[in-house]
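**Q** Sequence and predicted structure are below.
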Amino acid sequence: MLVLKPLRDALADGDRVHAVVAGSGVNSDGRTIGLAFPGREGQAELLRSVYTGCGIAPGDVAYVEAHGTGTPVGDPVECEALAEAFAGRDRPLPIGGVKSQLGHAEAAAGIAGLAKAVLVLRHRRIPATLHAENLNEAVDFKSLNLEPVTMERPLRASGRAVVGVNSFGFGGSNAHVVLTPGPETGPETGPERESERAEPPSTGRVPLVVSARTAEAAARAAADWAGLLEEPRPHPLYDVAYTSTRRRGLREHRVAVLAADADEAAAGLRAAADGQPLPGTAVAETVADGRIGFAFCGNGAPWHGMGAALVRGEPAFREEVAALDEVLRPLLGWSVLEELAAPGGRGRSPVRSSPSPCCSRCRPGWRPPSPTGVSGRTR
């Protein structure tokens, strides 16, 4: 499944962007000599229009995923249209077709080519077009400055990689889509990827949630997620946990695991799937109308580092701590903000005095959950 979304919204929502649609277009050949006969002029006109519209020069295109019908009429016409639209390139244009792997998917042929093009950008490699050892003799690829990709090769691009997807169908309909890399396109693993990864906001334990519509399905899902985390090169736990809690729909029956690493999470999920949940794991069914209660402890429970993650990860809270720090520093002789951020105890406990006024001042711009009831220690 492919999900289309405005780039600004995808980035704001934290989505992984596999590719960006730089341009697209459709047209029709008009009347042709037959229902299934494509038209070179219409295809070439569409290609020129799409690439001109998105400001991409013919020489910047690194690969075109062709419609590639494999027919005596379709392939020569498409190749001639590509050659006409991409004339003036200083090197041959690599072309290929996914039909050599999947066959002709009829109405789904275009989406198969689009999916392949996304993967080409993602992995920066072009798969081989199969069964192309003997090229179509009706197409002079050399004079057309086209190069069928008959062996896997890297995607070569001098700057931004650009991949085109071409398609046409019955009745003279033509379509073309231009793709460029998403902001995070690249290998999923390896030192390059790891060096670009942002550090998670917390180095402690994170929650991972699995849900399903029945208890049996939730147990199977927990076992499946455990298997994912037990792979030789598992995905980072923080990413898996974030996806499980923020990017997936939550069903009635749930398994929640609090873990510091992938092994601990897998063990907790595996035990829950077997009906023997470990400490730090909860298996429960949600209620129809849940309510939230806040329970506050007294002054004996604060610990050093309490509130530090909130200062680091919540800008509104940090701003209020900084504002109060300006007032309190001359009176206390030390900095509340520095104490909250200090790595190691200094014998002071600023958490007793700072969170309450900070939270009350943050309330207009910072919206925590609203409790149904509150309980706590009174003086």
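**A** Great, that's in hand. Keep in mind that this is a model prediction, so the values were computed, not measured.

**Q** And the strands in this protein?
**A** With DSSP state E applied, the chain shows strands at 19-28, 63-65, 93-96, 125-126, 146-148, 153-154, 163-168, 173-181, 206-212, 253-259, 281-285, 293-296, 373-376, listed in chain order.

**Q** neighbouring strands for the last one, and are they parallel or not?
**A** Put plainly, it is strand 373-376. For strand 373-376, the pairing partners within the sheet under DSSP bridges are strand 293-296 (parallel).

**Q** Using a markdown table, please lay out the strands of the chain together with distance to Leu7.
**A** (C-beta placed from N, C-alpha, C; glycine too.) Conversion of the strands of the chain to a markdown table gives the following (distance: least, C-beta to C-beta, whole Å):
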| stretch | distance to Leu7 |
| --- | --- |
| strand 19-28 | 6 |
| strand 63-65 | 21 |
| strand 93-96 | 26 |
| strand 125-126 | 24 |
| strand 146-148 | 31 |
| strand 153-154 | 26 |
| strand 163-168 | 17 |
| strand 173-181 | 10 |
| strand 206-212 | 28 |
| strand 253-259 | 33 |
| strand 281-285 | 38 |
| strand 293-296 | 39 |
| strand 373-376 | 42 |
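
**Q** any chance of these in a markdown table, with mean pLDDT and mean neighbour count too?
**A** Listed next are the strands of the chain as a markdown table, based on pLDDT from 0 to 100; neighbours: other C-beta atoms under 10 Å:
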| stretch | mean pLDDT | mean neighbour count |
| --- | --- | --- |
| strand 19-28 | 96 | 17 |
| strand 63-65 | 97 | 27 |
| strand 93-96 | 96 | 24 |
| strand 125-126 | 96 | 18 |
| strand 146-148 | 96 | 19 |
| strand 153-154 | 95 | 12 |
| strand 163-168 | 95 | 26 |
| strand 173-181 | 95 | 21 |
| strand 206-212 | 95 | 21 |
| strand 253-259 | 95 | 22 |
| strand 281-285 | 94 | 16 |
| strand 293-296 | 81 | 11 |
| strand 373-376 | 83 | 10 |
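
**Q** which one of those lies closest to His104?
**A** Closest approach to His104 among the strands of the chain is made by strand 163-168 (11.7 Å; C-beta to C-beta).

**Q** by how many degrees do the closest one and strand 19-28 diverge?
**A** Calculated by axes from the mean of the first three to the mean of the last three C-alpha atoms, to 10 degrees, strand 163-168 forms an angle of 30 degrees with strand 19-28.

**Q** Now do strand 163-168: distance to the chain's middle.
**A** A distance of 23 Å separates the C-alpha centroid of strand 163-168 from that of its chain, computed with C-alpha atoms, centre = their mean, to the nearest Å.

**Q** For it, which helices and strands make contact with it?
**A** With contacts defined as 3 or more C-beta pairs under 8 Å, 6 or more residues apart in numbering; DSSP states H and E, the packing partners of strand 163-168 are helix 40-53, strand 63-65, helix 74-85, helix 109-123, strand 173-181.

**Q** any idea which of those is most buried?
**A** Mean neighbour counts were taken over those using mean count of other C-beta atoms under 10 Å, and the top value, a mean of 27, falls to strand 63-65.

**Q** Check which strands are paired with it and give the direction for each one.
**A** Looking at strand 63-65 with DSSP bridges, its partner strands are strand 93-96 (parallel), strand 163-168 (parallel).

**Q** among these, which is nearest Ala10?
**A** Closest to Ala10 of those is strand 163-168 (C-beta to C-beta; 18.8 Å).

**Q** Now do the contacts for Ala132.
**A** Neighbour list for Ala132: Ser100, Pro148, Thr150 [criterion: C-beta atoms under 8 Å, 6 or more residues apart in numbering].

**Q** related to what we said a few turns ago, now the helices and strands packed on strand 163-168 as JSON lines including distance to Ala219?
**A** JSON lines is the format used below for those (distance: least, C-beta to C-beta, whole Å):
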{"stretch": "helix 40-53", "distance to Ala219": "50"}
{"stretch": "strand 63-65", "distance to Ala219": "42"}
{"stretch": "helix 74-85", "distance to Ala219": "51"}
{"stretch": "helix 109-123", "distance to Ala219": "32"}
{"stretch": "strand 173-181", "distance to Ala219": "40"}
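
**Q** out of these, nearest to Leu250?
**A** helix 109-123 (28.2 Å).

**Q** ok so, going back, can you say which of the helices and strands packed on strand 163-168 is nearest to Leu237?
**A** Of all the helices and strands packed on strand 163-168, it is helix 109-123 that lies closest to Leu237, at 22.6 Å by C-beta to C-beta.

**Q** elements contacting that closest one?
**A** Helix 109-123 makes packing contacts with strand 19-28, strand 63-65, helix 99-102, strand 163-168, strand 173-181 when contacts are defined by 3+ C-beta pairs under 8 Å, 6+ apart.
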